[in-house]
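[1] Give me the fold of what follows.
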Amino acid sequence: MKLLKNTFQRKSVALCSLVMLSSVAANSFAQSNPAIACPGYKQPKTQILSERTGKKLQSAIEAYNEEKLSEAISIIREIDPKEEFDKAAVDRLYGQMLLMQDPKNAPQALTLLEGAVKAKVLNDRDQADLLQLVGDLSLQEEKYREAISYYNQWMEFTCKEEEKMYTRMAQAYSELQQYDKVIEAADKAIALQEKPDKNPYALKVNAYHETKNYPEGLKTLETLVQLFPTEKQWWTQLGFYYMLTEDYPKALSTFSLAYKQGFVQRPAEFKALVQLYASQEVPFKSAELQKKFMEAGEIDNDADSIATLANSYHQAKEFKEAAQYYAQAAQKSNDPEMYRKQGALLLTAEDYKGAITALERALAANISDPGKVHFSLMEANFYAGNYRDAFEHAEEAAKDAQLRRNANAWIPYIKEKAKNRGIRL
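    The predicted model follows:
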């Protein structure tokens, strides 16, 4: 249920770093107003680089503009600034260029950028941009508490609240498993949205899921489906949540609509759909879909799946179809119970020869409850006219305490039928 955090964070850091480098490349070391919204805000005095540091940074920027990033980094690495503002400006540019050179440089870049932002000597826009970048980079490097601190510092510094800051804070709180704070931050992000964004909603769903607050998670997923009706994951997650809250009619309706839109794509989702049809007393639909999914490879064609398919046809009273699939399940698993079920259904379908074969296989496979099999074999042989075999199986069935009375009631009936046909038992 979590966001694809690494991709999200890397893109955020790379984009922020690129924008900041572009501003540096435009030589924006001078003070500029970042639209700070603090009451009574007054733009501070502009900080100026020393001549020596300024010249070397300009050389590095020119190399960067000529797409000579390694050369630019080499130039910056040789600078040894003495003034606090010079050092912050150098560390800022050095850290950003390391990020642009290779994402693996992130730990070193973070150390440099943190030093620059903690000095609190950069011009307002640079300080604001750097607070965001260091927050994003901390989030990427799994320093979640530090990330939250930097996002809060950004909001305090600019006196602004932004959706993206609260969303990233919610993500950090999620990693820290502070789920109440996830919901609080996500709600603030949602309240600031100009157009719907799924990320804070997804973080809320995850928080509710982790705390087993399924009713609230369900409400959030219902909102996600309304806001993003073309995104498949919300439909299927909503269906599973209806199952979690035992609202099976809505679960079936949701999965059915998702299937019609092509959103049911994973084995667990296909299985959920067919199980819901079965549980809502639509077994034939369940069976037909199971058969379709198995043939398409959407559901494994293993013994368990085949047995489930057989059971669905059984519930739908499609006895021959059910028997056919119980036979397949038995062949794959050598489970004597599958042979017994196959034989019982063939007996119901009046295929006595087939029933006898299946039931004898159940006995040969050492079924744990042979009494039931002997009783069924008694019936199958009786109706097939095999009275000697019927009599023998009746005597075996009578050894079972639960079946003794019924089996003994059959014995005189079998004897009478055999006598009438001149057969001695």
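
[2] quick one: contacts of the host helix or strand of residue 209?
    In this assignment (DSSP states H and E), residue 209 forms part of helix 198-210. By CB atoms under 8 Å, 6 or more residues apart in numbering, the residues outside helix 198-210 that reach it are 1-3, 8, 163, 166-167, 170-171, 174, 177, 179-180, 182-183, 185-187, 189-190, 193, 214, 216-217, 220-221, 223-224, 227-228, 231, 234, 237. For every residue, glycine as well, the C-beta is placed using N, CA and C.

[3] Pull out the buried residues from that helix.
    Residues of helix 198-210 classed as buried by neighbour count (16 or more other CB atoms under 10 Å): 199-209.

[4] between whichever helix or strand comes after it and helix 198-210, how big is the angle?
    Later in the chain than helix 198-210, the nearest helix or strand by DSSP H and E is helix 214-227. Using axes from the mean of the first three to the mean of the last three CA atoms, to 10 degrees, the inter-axis angle of helix 214-227 relative to helix 198-210 is 160 degrees.

[5] Just the residues contacting helix 214-227, thanks.
    Counting by CB under 8 Å, 6+ apart, 196, 198, 201-202, 204-205, 208-209, 231, 234-235, 237-238, 241-242, 244-245 sit against helix 214-227.

[6] Return that helix as CSV; C-alpha atoms alone will do.
    Provided in CSV are the C-alpha atoms of helix 214-227 (Å, rounded to 0.1, in the frame of the first residue of the first chain):
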residue,chain,number,x,y,z
TYR,A,214,-10.5,-0.9,8.2
PRO,A,215,-13.8,1.2,8.2
GLU,A,216,-11.8,4.5,7.8
GLY,A,217,-9.5,2.9,5.2
LEU,A,218,-12.6,1.9,3.3
LYS,A,219,-14.0,5.4,3.3
THR,A,220,-10.6,6.7,2.0
LEU,A,221,-10.6,4.1,-0.8
GLU,A,222,-14.1,5.0,-1.7
THR,A,223,-13.0,8.6,-2.2
LEU,A,224,-9.9,7.4,-4.2
VAL,A,225,-12.2,5.5,-6.6
GLN,A,226,-14.4,8.6,-7.0
LEU,A,227,-11.4,10.9,-7.6
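
[7] Rounded mean pLDDT for the helix or strand containing residue 126, please.
    Counting by DSSP H and E, the element that carries residue 126 is helix 124-140. The average of the pLDDT scores along helix 124-140 is 94.

[8] chain center to it, what's the gap?
    Distance of helix 124-140 from the chain centroid (CA atoms, centre = their mean, to the nearest Å) equals 31 Å.

[9] So for that helix, could I get the coordinates as PDB, restricted to C-alpha?
    Output of helix 124-140 as PDB, limited to C-alpha atoms (Å, rounded to 0.1, in the frame of the first residue of the first chain):
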ATOM      1  CA  ASP A 124      16.400  34.000   1.400                       C
ATOM      2  CA  ARG A 125      15.500  32.200  -1.800                       C
ATOM      3  CA  ASP A 126      18.600  30.100  -1.600                       C
ATOM      4  CA  GLN A 127      17.900  29.200   2.000                       C
ATOM      5  CA  ALA A 128      14.300  28.300   1.300                       C
ATOM      6  CA  ASP A 129      15.200  26.200  -1.700                       C
ATOM      7  CA  LEU A 130      18.000  24.500   0.200                       C
ATOM      8  CA  LEU A 131      15.800  23.600   3.100                       C
ATOM      9  CA  GLN A 132      13.400  21.800   0.700                       C
ATOM     10  CA  LEU A 133      16.300  20.000  -1.000                       C
ATOM     11  CA  VAL A 134      17.900  18.900   2.200                       C
ATOM     12  CA  GLY A 135      14.500  17.600   3.400                       C
ATOM     13  CA  ASP A 136      14.000  15.700   0.200                       C
ATOM     14  CA  LEU A 137      17.500  14.300   0.300                       C
ATOM     15  CA  SER A 138      17.100  13.300   4.000                       C
ATOM     16  CA  LEU A 139      13.900  11.500   3.000                       C
ATOM     17  CA  GLN A 140      15.600   9.700   0.200                       C
END
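
[10] Helix or strand next in line after it, which one?
    helix 144-158.

[11] Pull the residues that contact that next one.
    Residues contacting helix 144-158 (CB under 8 Å, 6+ apart): 34-38, 117, 127-128, 131-132, 134-136, 138-139, 161-162, 165, 168-169, 172-173, 175-176.

[12] go again using 7 Å as the cut-off
    34, 36-37, 127-128, 131-132, 134-135, 138-139, 161, 165, 168-169, 172, 175-176 (CB atoms under 7 Å, 6 or more residues apart in numbering).

[13] That one versus helix 124-140: what angle between them?
    Using the same axes, to 10 degrees: helix 144-158 against helix 124-140 is 160 degrees.

[14] So what's the residue count around residue 103?
    13 (other CB atoms under 10 Å).

[15] quick one: it from residue 109, how far?
    According to CB to CB, to the nearest Å, residue 103 stands 9 Å off from residue 109.

[16] Any buried residues in stretch 36-43, and which?
    residue 36.
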